[in-house]
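Engineer: output the structure for:
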Amino acid sequence: MQKVTEASNEIDGPSSSKLHHLPPSAIRNVADASMARQFFDGSGMSRPDFQRAISMNMHQANSELNQLQPQFPIANIPNFESLAWARNSASSAPPQLQHLQKSQWSEEFGQSVPQNVAPQMSQSELHVSTFRPMSHGGVYIPILNSNMDVLSTRQINWDEEFSRVDVKGKGKATEVDLEEAFNRAAALAPKEQSRIVEIKDDNESLEAAFERTTINDGTVLPEDKEKSEFERIWDQLQNSELPPATEDMAKWEAEFNDLMQSQRDDLEFANNMETAWKDSVNSEQTAQRFDEDGIPILEPYQFEADNPFMDQPISHLTQAKQLLERNGSLTEVALLLEAAIQKGELGQGDYEAWVLLGEVRSMDEREDQAMRALTEGVRRSQESGQSGEGMISLAISYTNESFERASHATLLRWLIAKYGQSLPDEFKGSLPKAPWASLQQATDAFLTIARQQHGRGELDPDVQIGLGVLFYTNAEFDKAKDCFEAALSARPQDYLLWNRLGSCLSNGSKPEEALGVYREALRLHPTYTRAIYNVGVACLNIGAYKEAAEHFLTALSMQESAASEKSEQLWHTLRKCLLSMGRHDLAEAAKPGQLLDRFKNEGASVRRYASSLHTNTLVYLEHHNGELDHGSLSALTAARELGGNVTGLVLSKPEFISDIIEKAKKLKGLNTLLHASSPLYTPPLPEAVAPLIRELLSSSSFSHVVSAHSSSARGILPRVAATMDLPAISDVISFTHDSSSNSTTFIRPIYAGNALTSVRAPESVPIKIFSIRATSFKAAEYGGEAAEVRSVDAVEVPDIPSRHIKTEVTKSDRPDLGSASRVISGGRALKDAETFQKILYPLADLLGAAVGASRAAVDAGYADNSLQVGQTGKVVAPELYMAIGISGAIQHLAGMKDSKMIVAINKDSDAPIFQVADLGLVADLYEVVPDLINKLK
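Structural biologist: Got it, this is the predicted structure:
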């Protein structure tokens, strides 16, 4: 079975193979219809005098072709553009068809076409995809494009019939005798043609013939044989008492489902065709006008009405560049550029901001806005004497929207502007009207410059990019791939080039290789919406539907901050992906204007790639018994050290949330306080809390997430990080943050605290998720200005696999072990639980200290697990730590070695605890501790 993939057809990014029944040239046909109407209305190009002659000649040719229909399906007969001699150059056409070069519209619309003639396939369709996928029960079936038509063994090889040319020099060809070719084709047609046969008016014989007619082959069985066969089967069914076999029932059900699915596909195909027809007639695109070079005449760029950056007293152009360099949201970058333009910050030559805006809009999968901005930028650059700036980006946008002649003309203008002195005069004339001819002229011009540079040992990456675009539009993906790879050798950090290379691989039926290339583009620029979309298409092509849907949703989520509609192409491809997954309910909801919450509530993950312009940290604040945990206060201090905005998050049951809010909003350094209430949040189950935090990260531009390294956070933060393809760093004791590069370097202990490791999260990690060791950061204080309080909706998670049974807490009037300034800990030498309490508790009460224990004492049952100090228990760093009867195993030292003063009492002088102790007493604890208690009293 042949594996068929959907290829990415947009040279700057998205695959527009479109995954639907409609031919991929639909956009081209709309543009063609517009130019045709402009031609016939007389408002654009003038009508040639020979239009009627074209109509008569073409009508005659089509009539002769129609006579071949019984033997050769008309749908497979190539049009004139697909013939070998017609593809070479304008000068190679036979004399009788020379007039076709003067007006492509006369060829398409100036003739009376019989009703059964198949639609023509133009060269313009080649840039869309090597294949034209069509959905059929979840399998994409290819239809080869016009230069790769494959006929059955009974059909004529039209390429052989019309390719007897002598190609020399610039492509001069000998004249082809069309009449001879048509005569040979007609000679192969069946001798017996369709004819009318008179049937006698004999109703009885006619009805009998119909009754004896079978469905399979149209033959008529003898009446007696037919009757006996029918009676045998009928008797067998009537006399059988056995129900159909289970496997037969399953087979029938499967066949029925396949039949129903095919009918649904056919219905969807019909609806799509009807919609496309109505759109082609009624849409505003039909009214699109073009200049003499096929360049569309576009409306002015429309700015966003509600731009949040308009009133900010900043340098909008500078901020936009910085945010783009730091992998910020492309939508935010575009809004900053719009604000800059409206405030007169146009940059170099008064065109820089316009060109950058167009390139950003194209990256964000908004091609229409991109073309308008780039058109204005190119116009301004020409006026300022910098002709050529922005032209390659504009040509790529034209290619993505199937404005082929516009792309060819723009690329040729760029080449003339930069290398006009090195180009022969033959390339500087007017551009041919036919797309295939303009493509040939532009390609030859670029090849001329590329060969000159190669001879001198030079390489201009822009020339290679332009040549790659031209090869791409002609479906020569291997050649385009070579060009983009050559450009990458000079610009290895150009994420746009990596994406274009991925498009070539995807169109060349190499989705696995394309996936790796797109990943490299995203590594260099994680917020590249078009590359994210292309990763989704590559996943779709290899059958990874869930991952594909998540990438499409991610691309859509990145466009949420703008008031304008999201990309229709993104919605359309998401819908096809959901249909392939069998989620018809979600596919119906995948349409422009739909909120993404519908898909998130179904468990779909939105991968977060965007980072914020400024540092923006989310702090998860834990609390117990109405009080915020000491570790969470330390996490708030860590967040403040990062700089920028600090947002806190508190979760609780509805009846407790108000008290926590009143305390948390008064914390110093907290700018915003978010809160959500649900029975699932007390105590906080990781399965319930992680989806809420993931939702906040997906909908807001947080750069960091921090919490205390508590038992609860150890289950929540790694889960959040895993679902968003992000790293999580735990037990951090210090860090440094570089705001210029948006990178953070963390220091954390390893090997039970015997070594420290440095972990750097670069700018390519959009959100840094980490937990801190509470003892390494000072606890935040109360008394600040009240933070802004906002409520967020709880995320309902059905079928949570775990549930909370009960919580047992050892009640004590002593300080909390994790935050106490003094700690008295006992070890296995205390023999039993009774002795443990008798020796340690009176001393702890006298000193106002918390009580701790070694793991050996906890395992022996001397103390509760909540009192354990060490690597697998609590990590403490009090002002005073007394280790009584503790030998000092490495696991215990990891939890208390940062204490300011360590006092050890042990009768073994070789105990490891003495190596870290500031004061050591080699003595029997049963004698020393009672004496110490008496003296303290």
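Engineer: quick one, phi psi at the residue nearest to Lys663 when sequence neighbours are not counted?
Structural biologist: Among residues not flanking Lys663 along the chain, Leu628 sits closest, at 6.3 Å (CB to CB, 6 or more residues apart in numbering). In this view, the C-beta of every residue, glycine as well, is placed from N, C-alpha and C. Main-chain torsions, Leu628, degrees, to the nearest 10: phi -70, psi 140.
Engineer: now do Leu628 against Ser743, distance only.
Structural biologist: Distance of Leu628 to Ser743, given as CB to CB, to the nearest Å: 30 Å.
Engineer: of the two, which one has the most company?
Structural biologist: Using other CB atoms under 10 Å, the more surrounded residue of Leu628 and Ser743 is Leu628, with 21 against 17.
Engineer: and the more buried one, how far from Glu788?
Structural biologist: 18 Å.
Engineer: export only the CA atoms of stretch 696-712, formatted as CSV.
Structural biologist: Presented in CSV, the C-alpha positions along stretch 696-712 are these (Å, rounded to 0.1, in the frame of the first residue of the first chain):
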residue,chain,number,x,y,z
LEU,A,696,-2.9,29.6,33.5
LEU,A,697,0.5,29.2,31.7
SER,A,698,-1.2,28.6,28.4
SER,A,699,-3.4,31.7,28.6
SER,A,700,-0.9,34.1,30.2
SER,A,701,2.7,35.2,29.5
PHE,A,702,4.4,33.8,32.5
SER,A,703,8.2,33.5,32.3
HIS,A,704,8.7,31.5,35.6
VAL,A,705,6.8,29.3,38.0
VAL,A,706,8.2,28.8,41.5
SER,A,707,7.1,27.0,44.6
ALA,A,708,8.6,25.6,47.8
HIS,A,709,10.2,22.2,47.5
SER,A,710,7.3,20.6,49.5
SER,A,711,5.8,17.2,49.2
SER,A,712,2.8,18.7,47.5
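Engineer: can you give me the buried ones in it?
Structural biologist: Residues 696-699, 701-710, 712 are the ones in stretch 696-712 that count as buried (16 or more other CB atoms under 10 Å).
Engineer: between those, which is nearest Ala334?
Structural biologist: Within these, the smallest distance to Ala334 is 14.7 Å, found for Ser701 (CB to CB).
Engineer: which stretch of helix or strand covers that closest one?
Structural biologist: Secondary structure assignment for Ser701, by DSSP states H and E: no helix or strand.
Engineer: please apply the same query to Val705.
Structural biologist: Counting by DSSP H and E, Val705 is part of strand 704-708.
Engineer: mind giving me the packing neighbours of the very next helix or strand once past that strand?
Structural biologist: Scanning forward in sequence from strand 704-708 by DSSP H and E, the next helix or strand is helix 713-723. Helix 713-723 is packed against strand 616-620, helix 686-699, strand 704-708, strand 728-732, strand 768-772, with contacts defined by 3 or more CB pairs under 8 Å, 6 or more residues apart in numbering; DSSP states H and E.
Engineer: if you count neighbours, what's buried in the first one?
Structural biologist: Put plainly, it is strand 616-620. Under the neighbour-count criterion of 16+ other CB under 10 Å, strand 616-620 has 616-620 buried.
Engineer: relative to Ser771, how far out is Thr672?
Structural biologist: 21 Å.
Engineer: meant to ask about Ala883, not that
Structural biologist: 26 Å.
Engineer: ok, the two, which is more surrounded?
Structural biologist: A count of neighbours by other CB under 10 Å puts Ala883 above the other of Ala883 and Ser771, at 30 against 26.
Engineer: report the beta-bridge partner residues of that one.
Structural biologist: Beta bridges link Ala883 to Ser825, Ala904, judged by DSSP bridges.
Engineer: strands of the stretch 801-937 of the chain, start to end?
Structural biologist: Secondary structure of the stretch 801-937 of the chain (DSSP state E, counting those that start in this stretch): strands at 822-826, 850-853, 880-884, 901-905, 919-921.
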